[in-house]
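>>> Sequence first, predicted model second:
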Amino acid sequence: MTKSYPDHKSEGAAGAELARRDDATEARKRADAPGQPSPVEESGQLVAADRPDQVAFEYAPAPESRSVVHLQPSYGLFIDGAFVEPVDGNAYKTENPATEEVLAEIAAAGLEDVDRAVEVAGRAQKEVWGPMPGAERAKYLFRVARIMQERSRELAVLESLDNGKPIRESRDVDVPLAAAHFFYYAGWADKLDYAGFGPHPAPIGVAGQVIPWNFPLMMAAWKLAPALAAGNTCVLKPASTTPLSALLLAEIIQQADLPPGVVNVITGAGSLAGAALVAHPGIDKVAFTGSTEVGKDLQRALAGTGKHLTLELGGKAANIVFEDAPLDQAIEGIVNGIFFNQGEVCCAGSRLLVQESIADTVVERLKRRLATLRVGDPLDKNTDLGAINNAAQLEKIRELSDAGEAEGAIRWSPSCTLPSKGYWFAPTVFTNVSQVHRIAQEEIFGPVLSVLTFRTPEEAVAKANNTVYGLSAGVWTEKGSRILWMAGQLRAGVVWANSFNRFDPTSPFGGYRESGFGREGGRQGLGAYLDV
Amino acid sequence: MSDERLAVRKTYKLYIGGAFPRSESGRSYVVVGSDGAFLANAAQGSRKDVRDAVVAARKAQPRWAGATAYNRGQVLYRVAEMLDSRRSQFAEAVASSEGTSQEEAAASVDAAVDRWVWYAGWSDKVAQVAGSSNPVAGPFFNFSVPEPTGVVGVVAPQASSLLGLVSVLAPVLLTGNTAVVIASETRPLPAVTLAEVLATSDLPGGVVNLITGRVAELAPVLAAHRDVDALDLAGAPASLLVELERAAVTNVKRVLRPGAAESDWTEAPTPRRMLAFLETKTVWHPIGL
């Protein structure tokens, strides 16, 4: 791709800029085929600044149109196949974190609403969805997947509006993966006997599912698709700050004519609606994705109830770069690892472990690369980093970053102008980090990278495993045997070799240790929704 | 003078890190048979004994998990051989502990040996059944392998002193985990004898650690211990379940609750107990020239 550097005499800066963008589009098309998401290009093709004299290109704004989304002034709860007002009429507002503009008024479910949702879900499970032949369930789920694909642009724009993530990511990652999840699990619905869980595996019953705000639609798909395929019915509680895509998914489920009560979506506060849902005696299975702190509360609340439980919790992943790593790819992988989705990713590569001999080079190149990241309007197709989802999260990122400085780590961010309204945090790198620093131990859930070094593979393993978490890890080296040795030593549920933040419906995802238990995705993900 | 030879009685001790210590607390308790007659004094383990056992189990875990599955299978099969050669001794111990007839006890011991053999054979197969290669939409070789959870705390069944114990212990071991077992409180003697078998079966010290004593005193310590990764509550009394599950939250332990179906340990096992103490690790490896 060096051929299209902007100093092409014949084209001038503007022409070259267009050329670059076309290249990037082409690269994405290639990487995507067939349907493979590419969160951030790892090939280096989007990188313009690997040469020392290079600065970021000035891109003209390329906003995605909002017109595809038809926001309603207010949204009800989705219970028994219909949108209904909450019994006590409470509501709250959801806003665009990039502008603080109010997007819509959202129903806040109360105890009676939770009761009703669980009740209709129980009835639907016993009378309709459970007894239904798997082949019929499969066809419903295929319908959902197809409508998600048909309405993908709408879903993507809505997701970026409500969450603050770049449209490039919601369009290329969140939405395609969510649809793919339904497509994958649809096919399992009539093949459960062959899934390896013994003959005639039975569904568990009614699943209460509580999901986070970082991947609102994708998390909904990860929860609903396997549960429904296995014959369970669902009551889904989206995060309070990101309810819109789940409500659009509910509309899609209506369009697909799923029997009433099979999927119910209740919006509202986690502390009220979420807590009431998981504690409800009519719930047989609880699936939660979110913080380790809340996950522990939940596990404690469920003690002795006999309810099935799976937890996908926090992480503090090590991204380990050896001196023989393919550095161009590794730099892109580090960036993708921690700045994908503003770092609001439970499996984010938030601890860079780099071999001492190349540490200076890697940090220098990383900084140059970061200088080219574009932070801003989530709906701009050139944007690399969008807004932080909510004010509380921004405060947490600030607090931990300040603690990093206070504890003696060296803080660096590229110069970038952040919008005056909304919740923003510049990509940040900490060097001189020691293992005891809070920024090396606690999950920041933001665009903040802590750099540590190691000398030997054994030391890399010891440092990588020196955490209570165990969700994911990355290993960068050209040596295949070392990759597999490292993969065996790392106490983490997902290990990405010479890559990071890849997801696929066929690929089991989930953590070791305090990152939770149970898997989502793949054949293993079905087990979380079968009574085995 | 009687012609009958005076028996040399056995001292029943704990089994920690491959050794047979008394409880550090110096305590013991009286174990009686089903008829109420004195059988022996067993060591009454303390919370410190539990913690020592966890340290031993943690220390032994990497080597045991790192052994080849074939090797683990061989060691476990060797345990079955040792068990089998002492069937009559176990039958006697089970009969006096459980109050069953000699025939019933013998059948129970036979079943325990067979169960151990069944599980031993799984060691180099469970990864093939629980693992997968995953056809991701991209240029990656993506595979999932089951790995041991780590150190598993086991509250052994209270009634079934040998068959029940074997049924919960073998699935923990074959998957590469190490165990800290709290033996049946009132019927601990077959468990201690099993420990003697384990100690002479090529099983590395620390892979199994056995504590006898009061379940209500010991189990909460095990359940709350931050270096225990998972908990099998098979033999936990119902009155303790909520407390133990709550204690397990400290480090998000995986908890296998007692199942109704499992009260009858003569039923043929399924892979369920093995899968409960396995983690799935998924590796993405790029494919390219």
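Cool, got the structure. What you see is a predicted model; the values in this text were computed from it and never measured.
>>> Let's verify A:R123: helix, strand, or coil?
Look at A:R123: counting by DSSP: H, G, I helix; E, B strand; the rest coil, its state is helix.
>>> Which pLDDT value does the model give it?
With respect to pLDDT, A:R123 has a value of 98.
>>> again with B:S34
Value listed for B:S34 in the pLDDT field: 89.
>>> just checking, it touches B:S97?
Yes. Counting by C-beta atoms under 8 Å, B:S34 touches B:S97, with 7.2 Å between them. C-beta coordinates here come from the backbone N, C-alpha and C atoms, glycine included.
>>> Give me the more crowded residue out of these two.
A count of neighbours by other C-beta atoms under 10 Å in any protein chain shown puts B:S97 above the other of B:S34 and B:S97, at 25 against 14.
>>> tell me the pLDDT at the more buried one?
95.
>>> Spit out the contact partners of it.
B:G33, B:S34, B:L39, B:S161, B:R187, B:L189, B:P190 (C-beta atoms under 8 Å, 6 or more residues apart in numbering or on different chains).
>>> ranges for the strands of chain B?
Ranges of strands in chain B, per DSSP state E, are B:28-32, B:38-43, B:132-133, B:140-148, B:151-155, B:178-182, B:208-211, B:230-232, B:254-256, B:278-286.
>>> in its sheet, what does the first one sit against?
The partner list of strand B:28-32 in its sheet, established with DSSP bridges, is strand B:38-43 (antiparallel).
>>> Tell me the residues of the stretch 51-200 of chain A that contact chain B?
Counting by C-beta under 8 Å from any C-beta of the partner chain, the stretch 51-200 of chain A comes close to chain B at A:A180, A:G196, A:G198.
>>> Counting neighbours, which of the residues you listed end up buried?
For those, a burial check counting by 16 or more other C-beta atoms under 10 Å in any protein chain shown picks out A:A180, A:G196.
>>> so which of the residues of the stretch 51-200 of chain A next to chain B would you say is closest to A:W213?
Among these, A:A180 lies closest to A:W213 (C-beta to C-beta), at 21.2 Å.
>>> Could you tell me which of the residues of the stretch 51-200 of chain A next to chain B belong to helices?
A:A180 (DSSP state H).
>>> So for the residues of the stretch 51-200 of chain A next to chain B, which is the shakiest by pLDDT?
Ranked by pLDDT, those bottom out at A:G198, which scores 88.
>>> so that residue sits right up against B:T270, yeah?
Yes. Assessed by C-beta under 8 Å, A:G198 is found in contact with B:T270 at 6.2 Å.
>>> Low-confidence stretches in chain A?
Low-confidence segments of chain A, defined by pLDDT under 70: A:1-57.
>>> Extract the C-alpha trace of stretch B:14-23 and format it as PDB.
The C-alpha coordinates for stretch B:14-23 follow below in PDB (Å, rounded to 0.1, in the frame of the first residue of the first chain):
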ATOM      1  CA  LEU B  14      -5.000 -37.200  57.400                       C
ATOM      2  CA  TYR B  15      -3.400 -37.400  53.900                       C
ATOM      3  CA  ILE B  16      -1.700 -34.100  52.900                       C
ATOM      4  CA  GLY B  17       1.000 -33.600  50.300                       C
ATOM      5  CA  GLY B  18       1.700 -37.300  50.100                       C
ATOM      6  CA  ALA B  19       2.200 -37.700  53.800                       C
ATOM      7  CA  PHE B  20       0.000 -39.000  56.600                       C
ATOM      8  CA  PRO B  21       0.100 -36.400  59.400                       C
ATOM      9  CA  ARG B  22      -2.100 -36.100  62.400                       C
ATOM     10  CA  SER B  23      -4.200 -33.000  62.600                       C
END
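>>> How about residues contacting it?
B:13, B:28, B:43-46, B:49, B:52-53, B:55-56, B:59-60, B:192, B:195-196, B:198-199, B:204-206, B:208-213.
>>> coming back round to it: just put the residues of the stretch 51-200 of chain A next to chain B in JSON lines and tack on distance to A:I266.
As requested, these are exported to JSON lines (distance: C-beta to C-beta, whole Å):
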{"residue": "A:A180", "distance to A:I266": "26"}
{"residue": "A:G196", "distance to A:I266": "33"}
{"residue": "A:G198", "distance to A:I266": "33"}
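>>> PyMOL command to pick out the buried ones of the contacts of B:S97?
The PyMOL selection below is limited to those of these classed as buried (16+ other C-beta under 10 Å):
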select buried, chain B and resi 33+39+161+187+189+190
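>>> Which two of the contacts of B:S97 have the greatest separation?
The span of those, defined through C-beta to C-beta, is set by B:S34 and B:P190 at 13.0 Å.
>>> if we can go back for a sec, let's have the strands of chain B in CSV, adding distance to A:M132.
CSV is the format used below for these (distance: least, C-beta to C-beta, whole Å):
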stretch, distance to A:M132
strand B:28-32, 55
strand B:38-43, 55
strand B:132-133, 27
strand B:140-148, 30
strand B:151-155, 39
strand B:178-182, 43
strand B:208-211, 47
strand B:230-232, 36
strand B:254-256, 31
strand B:278-286, 29
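>>> so what's residue 181 up against?
You didn't say which chain, so I picked chain A. With C-beta under 8 Å, 6+ apart, A:H181 has these contacts: A:M218, A:A221, A:W222, A:A225, A:P505, A:G521.
>>> that's the wrong chain, I meant chain B
Contacts for B:V181 were tallied using C-beta under 8 Å, 6+ apart; they are B:V154, B:A156, B:L165, B:L169, B:A191, B:V208, B:N209, B:L210, B:I211.
>>> in stretch B:278-289, what counts as buried?
B:L278, B:E279, B:T280, B:K281, B:T282, B:V283, B:W284, B:H285, B:P286.
>>> just those residues that are near chain A?
Near chain A, by the rule C-beta under 8 Å from any C-beta, you find B:E279, B:T280, B:K281, B:T282, B:V283, B:W284, B:H285, B:P286 out of the buried residues of stretch B:278-289.
>>> I'd guessed the fourth one sits against B:P146; true?
So that's B:T282. No. If you go by C-beta under 8 Å, B:T282 and B:P146 don't touch, sitting 10.8 Å apart.
>>> Report the contact partners of the nearest residue to B:S144 once chain neighbours are set aside.
Spatial nearest neighbour of B:S144, chain neighbours left out: B:T282 (4.5 Å); criterion: C-beta to C-beta, 6 or more residues apart in numbering or on different chains. By C-beta under 8 Å, 6+ apart, the contact list for B:T282 reads A:G493, A:V494, A:V495, A:S507, A:P508, A:F509, A:G522, B:N134, B:N142, B:F143, B:S144.
>>> now, the most widely separated pair of those residues?
Farthest-apart pair in the contacts of B:T282 is A:V495 and A:G522; separation 15.1 Å (C-beta to C-beta).
>>> phi, psi of A:H200?
phi 50, psi 60 (degrees, to the nearest 10).
>>> Correction: the previous question concerned A:G164.
The phi/psi pair for A:G164 (degrees, to the nearest 10) is phi 100, psi 0.
>>> ok, the residue nearest the centre of chain A to A:G81 distance?
Nearest residue to the geometric centre of chain A (C-alpha atoms, centre = their mean): A:F215, 4.0 Å. Look at A:F215 and A:G81: by C-beta to C-beta, to the nearest Å, they are 26 Å apart.
>>> same question, B:S160
Distance of B:S160 to A:G81, computed by C-beta to C-beta: 49 Å.
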